[in-house]
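K.L.:
structure for this input, please:
(chains A and B)
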Amino acid sequence: MDINLNFIYGHLPYWLFIILMLSGLFIVVSRGNLIKKIVGLNIFQTSVFMFYISIGKMKGGTAPILLEKSANSSAVIYSNPLPHVLILTAIVVGIATTALGLALIIKIREEYDTVEEDDIQKMDQKDLKKYNKKNVLETNS
Amino acid sequence: MASEIKQGTLELVNHLPILQVITPMLLAPLLVVLNNKTLSWLLSFLGTLACLFISFLLIQAVSDGSIITYYLGGWVPPIGIEYRIDAANAILLFLISIISVIVLIFSYTSLHAEIPEEKHTLFYSCFLLCLTGLLGVVATADIFNVFVFLEISSLSTYVLVAQGAYLDRRALSASFNYLIMGTIGATFFVIGIGYIYMATGSLNMIDIAERVSQLGDNKTIQAGFAFIVVGMGLKLAMVPLHVWLPNAYTFAPTVVTCFLAATATKVALYVLIRFVFSVFNYEDSFVNELFFLLLMPLAVIAMIAASVIAIFKQNLKKLLAYSSLAQIGYMLLGLSLMSQKGLASSLVHMVNHGFTKAALFMSLGAFVLNTKNVYIKSLRGLGKSMPFTSAAFVIGGLSLIGVPGTAGFISKWLLLEAALETGYWLVAIFIIASSLFAVIYIWKIIEVLYFSESSDSYNEVSVLTLLPISILALFCIFLGINTSFTVDVANMATEILFK
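P.N.:
Numbers count the residues shown, from 1 in each chain, chains lettered A, B, ... in the order given. You can find the predicted model right below:
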C-alpha cells in the first residue's frame, strides 16, 4: 500500500494530466451543445500542455535563465526549456482551433438558429425531405 | 558534420527542399494584401507551378536512391530542424504539387458557381496555406514540425470545407465535426510525440530511430506509438474513426473535395508509414502485432463495408466519398502486410488513387456545374450531351475498379501479389470482392449516363474546365501503361524505408 501511495504521489502531474484529459474528452463526446464541445476540447488540449511542461521539470531545477554569477558553475540544474517552447507552439495552434471553432458556431447559429447538435441533425433531416433529393444548388441561387 | 548541401551559399538549387514549402506560404498573405480576385488566382497558379517544378527537380535528384538533407538556418540536427527528401516523400511532394496545379485550373471556372466573388482571394489564400501544410508534413524530418504543419493544413482545410455553406448550410456542421475530430486526432498525435520525447529526448526522426533501437522493449515508446496510430487514424479516416469524411467531402466545394480526396488522407497515411519505418522499429513485435491484429482487419472492413454503403448512395459526392474510404482501406492493407511489396503497392496506390479520385470528383463537378444537382438521377443522358466529361468519368471509374490498362489496375495487382506472397489468400479474396462492389456502383452511374433518355439537354462545359479533367483522365491511363515512374520510385522508397 505504501508503495502504491508513493507511486501515485510520485507521478502526481501525470495523474492530473490523465484526469484532465479524460474529462475533456468525455465532455467533447457527451455534450450536444457545440460551445460545450469546444470547452471540452480546450480542457483536453490544456491537459496535454500540462503533460509537456511536467516532462521538462528537473528535480531542484530552476528556470533556464543563464545568470552571470552562475555562468561558469556546473552545479546549477536547469529545467529543460525545450518542452516549454514546443508547447508554446501548441498553445498557438490551440487558440487558432478554438477561434475557428467559435467562428463556425457563430455561422451555424446564424443559419440554424441553434447550437444544439440534436436540433441541427433534425433540421438537416428535414432539409433532405423538403428538397426531395433536389440539390440545394438550385434552391439557394 | 559534412552536409550534402553547401549551406550559406545563395544558389537556389541548394535550397529546393525549403523553397518547396515556403513558396505557397509566402504567397498566401501576399494574396490577402493585394486583394484582387484574378491576380490571386494567377499568383497561386504560378506558385503551385513553381512547387511542381521544384518537386520535379527533387524527384529526379532522389530517384537513384540518394537522400537530400537540408538544415533549417544551418543548425545541425538534432538541435535544428531537418528537411529530408528521399524517394518516399519526393513522390508524394510531386503528387500534391501536380494535383494542386490541376485543381487550380479547374477552380478558375468552377469557383464562381460555388463561392461569392468577394471571397475568392481569401479562398485561394487558404488553399495555399493548406498546400503549405501538406508539403511541409511530407518534407520535414522533425516530428514536432510534422504536428505544426499538420495543423496548418488541417485548420485551413476546415475553413475550405466550410466554404460549401454558400450552397448548403450542412457544410458548416460537417466542417465543425471535422474540426472536433481532427483536433482530437492532432492532440493524440502530440501526446504521442510527448511520450517519444520523454523516452528519447530528441525530436529528429533519424536520431530517435537510433535511440529507440537502443532502448529495446520500452512501455513509454509503445504508448507513444499507440497514440500516434490513433491520432493519424483519425486524420486518415481509418474505418471506425472515419465519421467526419463523408460529410466533409460531400458538402465542401468541388475544388476542395478534389484536392482533399487526392492529397489530405494520403499525407496522413504517409506520416503513419514514416513513423513506423523511420522512427519506430518496424521489426519490433509490438508494431507487427498491432498491424496484424488491428490495422489489417480494419482495412478489410473498410474495403468491404464502405464499398457496400457506396452502392446504396444516391448522392454522387457521398458515393465517391465512401469509395474513398474503401480505397484508404487498400492503402492501409498494403502497409499492414509489412512486406516490401505490400508497402510498395501502398505507395503506388496513393499516387494512382490520387489521380483517379481527382478525375472522378472533377468530372462530377463539371456535371454539377451544368445540372446544378449531385443526385444520380440528374445524370440521365449526359453521356450524349457531355461526351468528353462523361468519357473522363468512365476512365476514372475504370481506374477505380482496376481494369487492366488503367492506373488502378497496377496498384491493385501489386497489392494482390503482396497478399498472396505473404500467404494471406483470404485477404486477396476480399480485395477482389471489394473491386466487384466497385464495379456495381460505377456501373450504376455509367448506366444512367449512357443508357437512359434525358428530358433536358445540356452543353459540354468550356474548354478551360475540360482541360484539367482530361489531364487527370490521361494520367489515369498513362500511369496504367507506363509504370516506370510510379513503381520504380515506390520500390526505391521501400528499399530506403526497409533498410
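
K.L.:
for stretch B:328-346, how far is the first residue from the last?
P.N.:
End-to-end distance of stretch B:328-346 (Cα to Cα, to the nearest Å): 9 Å.

K.L.:
contact partners for residue B:34?
P.N.:
Residues counted as contacts of residue B:34 (Cβ atoms under 8 Å, 6 or more residues apart in numbering or on different chains) are B:40, B:43, B:121. For every residue, glycine as well, the C-beta is placed using N, CA and C.

K.L.:
distance check, it against chain A.
P.N.:
Distance of residue B:34 to chain A, given as Cβ to the nearest Cβ, to the nearest Å: 23 Å.

K.L.:
swap in residue B:374?
P.N.:
Distance of residue B:374 to chain A, given as Cβ to the nearest Cβ: 5 Å.

K.L.:
wait, that residue touches residue B:314, no?
P.N.:
No. The criterion here is Cβ atoms under 8 Å, and residue B:374 misses it with residue B:314 at 9.2 Å.

K.L.:
comparing these two, which shows the higher neighbour count?
P.N.:
Neighbours per residue (other Cβ atoms under 10 Å in any protein chain shown) separate residue B:374 from residue B:314, with residue B:374 holding more: 26 against 12.

K.L.:
look up how far residue B:432 lies from the more buried one.
P.N.:
30 Å (Cβ to Cβ, to the nearest Å).

K.L.:
what of residue B:253?
P.N.:
35 Å.

K.L.:
of the two, give the one with the bigger neighbour count.
P.N.:
A direct count of neighbours by other Cβ under 10 Å for residue B:253 and residue B:432 places residue B:253 higher, at 25 against 11.

K.L.:
now that one. Nearest residue, chain neighbours left out?
P.N.:
Once flanking residues are discounted, residue B:253 sits nearest to residue B:114: 4.4 Å by Cβ to Cβ, 6 or more residues apart in numbering or on different chains.

K.L.:
so for stretch B:276-288, mean pLDDT?
P.N.:
Over the span of stretch B:276-288, the pLDDT mean works out to 83.

K.L.:
my bad, should have said stretch B:201-217
P.N.:
Mean pLDDT, stretch B:201-217: 89.

K.L.:
tell me which residues in that stretch are buried?
P.N.:
Residues of stretch B:201-217 classed as buried under the neighbour-count rule (16 or more other Cβ atoms under 10 Å in any protein chain shown) are B:202, B:203, B:204, B:205, B:207, B:208, B:209, B:211, B:212.

K.L.:
can you show me the CA trace of the lowest-mean-pLDDT helix or strand in chain B as CSV?
P.N.:
Lowest by mean pLDDT, DSSP states H and E among the helices and strands of chain B is helix B:285-290, with a mean of 82. Provided in CSV are the C-alpha atoms of helix B:285-290 (Å, rounded to 0.1, in the frame of the first residue of the first chain):
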residue,chain,number,x,y,z
SER,B,285,6.9,-7.4,-32.3
PHE,B,286,4.7,-4.7,-30.8
VAL,B,287,4.5,-2.8,-34.1
ASN,B,288,4.0,-6.0,-36.0
GLU,B,289,1.2,-7.4,-33.8
LEU,B,290,-0.6,-4.0,-33.8
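
K.L.:
show me what it is packed up against.
P.N.:
helix B:219-236 (3 or more Cβ pairs under 8 Å, 6 or more residues apart in numbering or on different chains; DSSP states H and E).

K.L.:
CA atoms of the helix it packs on as PDB?
P.N.:
The C-alpha trace of helix B:219-236 is given here as PDB (Å, rounded to 0.1, in the frame of the first residue of the first chain):
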ATOM      1  CA  LYS B 219       6.500   0.900 -22.500                       C
ATOM      2  CA  THR B 220       6.700   4.700 -23.000                       C
ATOM      3  CA  ILE B 221       7.600   4.200 -26.600                       C
ATOM      4  CA  GLN B 222       4.800   1.700 -27.100                       C
ATOM      5  CA  ALA B 223       2.300   4.100 -25.600                       C
ATOM      6  CA  GLY B 224       3.600   6.900 -27.800                       C
ATOM      7  CA  PHE B 225       3.200   4.600 -30.800                       C
ATOM      8  CA  ALA B 226      -0.400   3.700 -29.900                       C
ATOM      9  CA  PHE B 227      -1.300   7.400 -29.500                       C
ATOM     10  CA  ILE B 228       0.300   8.300 -32.900                       C
ATOM     11  CA  VAL B 229      -1.600   5.400 -34.600                       C
ATOM     12  CA  VAL B 230      -4.900   6.600 -33.200                       C
ATOM     13  CA  GLY B 231      -4.200  10.200 -34.000                       C
ATOM     14  CA  MET B 232      -3.200   9.600 -37.500                       C
ATOM     15  CA  GLY B 233      -6.000   7.100 -37.800                       C
ATOM     16  CA  LEU B 234      -8.400  10.000 -37.200                       C
ATOM     17  CA  LYS B 235      -6.700  12.100 -39.800                       C
ATOM     18  CA  LEU B 236      -6.600   9.500 -42.500                       C
END
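
K.L.:
chain center to it, what's the gap?
P.N.:
20 Å (Cα atoms, centre = their mean, to the nearest Å).

K.L.:
thinking again about what came up before, the contacts of residue B:34 also near chain A: which ones?
P.N.:
Applying Cβ under 8 Å from any Cβ of the partner chain, the subset of the contacts of residue B:34 adjacent to chain A is empty.

K.L.:
neighbour-wise, give me the winner out of those residues.
P.N.:
When neighbours are counted by other Cβ under 10 Å, residue B:40 leads those with 24 neighbours.

K.L.:
isn't residue A:111 up against residue B:165?
P.N.:
Yes. With contact defined as Cβ under 8 Å, residue A:111 counts as touching residue B:165 (7.1 Å).

K.L.:
the more surrounded of these two?
P.N.:
Ranked by neighbour count (other Cβ under 10 Å), residue A:111 and residue B:165 place residue B:165 first, with 23 against 17.

K.L.:
poorly predicted segments of chain A, please.
P.N.:
A:1-3, A:70-74, A:131-141 (pLDDT under 70).

K.L.:
is chain B within reach of the longest helix along it?
P.N.:
When chain A is parsed with DSSP state H, its longest helix is helix A:82-112. Yes. Using Cβ under 8 Å from any Cβ, we find that helix A:82-112 touches chain B at A:82-83, A:86, A:89-90, A:93, A:96-97, A:100-101, A:104-105, A:107-108, A:111-112.

K.L.:
and residue B:202, what helix or strand is that in?
P.N.:
Secondary structure assignment for residue B:202, by DSSP states H and E: no helix or strand.

K.L.:
that one contacts residue B:212, doesn't it?
P.N.:
No. Residue B:202 is beyond contact range of residue B:212, at 9.6 Å (criterion: Cβ under 8 Å).

K.L.:
count of neighbours near the residue nearest to residue B:253?
P.N.:
Around residue B:114 there are 22 other residues, counting by other Cβ under 10 Å.

K.L.:
test my guess that it contacts residue B:164.
P.N.:
Yes. Judged on Cβ under 8 Å, residue B:114 makes contact with residue B:164 at a distance of 7.3 Å.
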